[in-house]
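K.L.:
Take this sequence and fold it.
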Amino acid sequence: MLIKLLIAVLVGWASSAIINYLADTLPISKRGCPSCGTKRSYQEYLFFKACKNCGFISRRVFIVWISCIISLFAAFQYSFLGFSVAVMDSIIIFFYFLVIVIDLEHHLVLHKVTLAGGMIFLIIGILSHRLLPTLFGLIAGAVFFFIIFLLGQAYSAIKAKQTGQPVEDAIGFGDVTLSAVCGSLVGWPTIITVLVYGIALGGISSLLYLVFEKIYRKKDVSQAFIAYGPYISLSTLFFWFFAR
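P.N.:
Predicted coordinates:
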């Protein structure tokens, strides 16, 4: 157990530094320090250094670091199938944590991230549950969320027509590609359960958040955006680790 904890700390440390670095550099709107935009080196993220220009350091850096260590240690505890499974699980955790951080902060599921994850997860899916369940899972995930995407587009169009103002899309197309990637990982028919739970979790959490914002902060929540990426990711992680 001590060895697994040590490995989780080291791998989690390096992984969290890469996640924080990519979360600040990949989105179009941010290319460096979230506060001033100054380009930062990977070493600054690795050793938790504040921005040399403005002195800013996000709490997210430490949250991701701790979350990576805890998640990896928990995964290693259940990786009784060998070293290759532990490596595979580490890659999966890394991918979904990156998706969650970027989507929460920027309301973006980047296609370059899902494309990279999709190529890796396609291989993992085929190795885990053969070719056809992997392909059917990928297609089902894409179709399932594409229908929801179209409904969201229709709602936004109707809302914009009623208010006479542009309305932010209810759901981004990145969620469609993310669902396809999740489908290739967990396969058919598990992807349907994963998406249903993810949408339910997202809906409940968003409702509680909107009620809080409306009642306690007196904010207008009519233009609120729901980031489904984190909930789909968490649902996928749960079913990958506990339903396999």
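K.L.:
My guess is residue 75 contacts residue 86. True?
P.N.:
Yes. With contact defined as CB atoms under 8 Å, residue 75 reaches residue 86; the gap is 7.1 Å. To be clear about C-beta, it is placed using only N, CA and C from the backbone, and glycine gets the same treatment.
K.L.:
Now residue 130: phi and psi?
P.N.:
Residue 130 adopts backbone torsions of phi 70, psi 180, taken as degrees, to the nearest 10.
K.L.:
Next one: it from residue 190, what distance?
P.N.:
As judged by CB to CB, to the nearest Å, residue 130 and residue 190 stand 13 Å apart.
K.L.:
Of those two, which one has the most company?
P.N.:
residue 190 (21 against 11; other CB atoms under 10 Å).
K.L.:
Not counting sequence-adjacent ones, nearest residue to the more buried one?
P.N.:
residue 239 (6.0 Å; CB to CB, 6 or more residues apart in numbering).
K.L.:
Check residue 227 too.
P.N.:
Among residues not flanking residue 227 along the chain, residue 103 sits closest, at 4.7 Å (CB to CB, 6+ apart).
K.L.:
from the middle of its chain, how far away would the helix or strand where the one you found lies be?
P.N.:
Per DSSP states H and E, residue 103 falls inside helix 83-106. Relative to its chain's centre, helix 83-106 lies at 7 Å (CA atoms, centre = their mean, to the nearest Å).
K.L.:
Now it - C-alpha only, PDB.
P.N.:
Only the C-alpha atoms of helix 83-106 are listed here, as PDB (Å, rounded to 0.1, in the frame of the first residue of the first chain):
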ATOM      1  CA  PHE A  83       0.700  -2.700 -14.300                       C
ATOM      2  CA  SER A  84      -0.800  -2.200 -17.800                       C
ATOM      3  CA  VAL A  85      -4.300  -1.600 -16.200                       C
ATOM      4  CA  ALA A  86      -2.800   0.900 -13.800                       C
ATOM      5  CA  VAL A  87      -1.300   2.900 -16.600                       C
ATOM      6  CA  MET A  88      -4.500   2.700 -18.600                       C
ATOM      7  CA  ASP A  89      -6.500   3.900 -15.600                       C
ATOM      8  CA  SER A  90      -4.100   6.800 -15.100                       C
ATOM      9  CA  ILE A  91      -4.500   7.900 -18.700                       C
ATOM     10  CA  ILE A  92      -8.300   7.800 -18.300                       C
ATOM     11  CA  ILE A  93      -8.200   9.900 -15.100                       C
ATOM     12  CA  PHE A  94      -5.900  12.400 -16.600                       C
ATOM     13  CA  PHE A  95      -8.100  12.900 -19.700                       C
ATOM     14  CA  TYR A  96     -11.400  13.400 -17.800                       C
ATOM     15  CA  PHE A  97      -9.800  15.700 -15.200                       C
ATOM     16  CA  LEU A  98      -8.500  17.900 -18.000                       C
ATOM     17  CA  VAL A  99     -12.000  17.900 -19.600                       C
ATOM     18  CA  ILE A 100     -13.600  18.800 -16.300                       C
ATOM     19  CA  VAL A 101     -11.300  21.700 -15.500                       C
ATOM     20  CA  ILE A 102     -11.500  23.300 -18.900                       C
ATOM     21  CA  ASP A 103     -15.300  22.900 -19.200                       C
ATOM     22  CA  LEU A 104     -15.900  24.300 -15.700                       C
ATOM     23  CA  GLU A 105     -13.700  27.400 -16.300                       C
ATOM     24  CA  HIS A 106     -14.300  28.100 -20.000                       C
END
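K.L.:
Okay then, goodbye and thanks.
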